[in-house]
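Student: Kindly generate the corresponding structure for this input.
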Amino acid sequence: MKNLRSLVILPFLLLGACAQNTMQIGTDLEVCCPGEYSSYSNYRLDVIDMPLFLRGYAVTEFEQAFQEKGLARNDQAADLRVVLSYNHINLDAAQEDIDPFARVEAMTTQLRYIAEIQIEMFDVRTDEVVWAGAVSRIHQVTPGEYMHQDAARVAFRQAFRSVLASYPALDPDAS
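Tutor: From the prediction side, this is the model:
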């Protein structure tokens, strides 16, 4: 599955190579609208395999974008379980064993990878997926570069709003 995803993403890598210095994050809608969304008002959030430095602001920006849809986070009494999973997809087979988040002074290798946050929403009663999407960005990191977190926050907020655009907003008069 990862090989297929890499093959599908390869044309986007070639198109996006000239835009490596921007903070644009791509979005992908995978499952939309099989559920009765008006029955969801509270969500629980689970985060899987996300690096700590990314977790803090990525989760904050997701929560803000999702709350704009009218839902409130309530980990104890939720109608919807939201799972944010981080996936790291190397674009160079020789780099499979390199951790891109470990800062090694002697590293001289330029890293090429796709960082993806998969978003899956499950109905708590049935455990069925009712919505899924992803945000991702191709990275080409040279030694000594670091994450520009302020710019990344804005880019994440825009990406989460974009991918969640198809998620129906909760009608405040429906309760």
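Student: Give me the pLDDT for the nearest residue to Arg125 once chain neighbours are set aside.
Tutor: Leaving aside its sequence neighbours, Arg125 sits nearest to Asp79 (Cβ to Cβ, 6 or more residues apart in numbering; 7.9 Å). No exception for glycine: its C-beta is placed from N, CA and C like everyone else's. As predicted, Asp79 sits at a pLDDT of 94.
Student: Please name the residues that touch Asp79.
Tutor: Asp79 sits next to 39-43, 123-125 when contact means Cβ atoms under 8 Å, 6 or more residues apart in numbering.
Student: ok, now Met50?
Tutor: 58-59, 84-86, 117.
Student: Same question for Ser85.
Tutor: 47-50, 117-118, 120.
Student: how far away is Gln118 from Arg157?
Tutor: 18 Å (Cβ to Cβ, to the nearest Å).
Student: same deal with Asn87?
Tutor: 20 Å.
Student: likewise Asp75?
Tutor: 22 Å.
Student: Please say which of those two ends up with more neighbours.
Tutor: Arg157 (19 against 11; other Cβ atoms under 10 Å).
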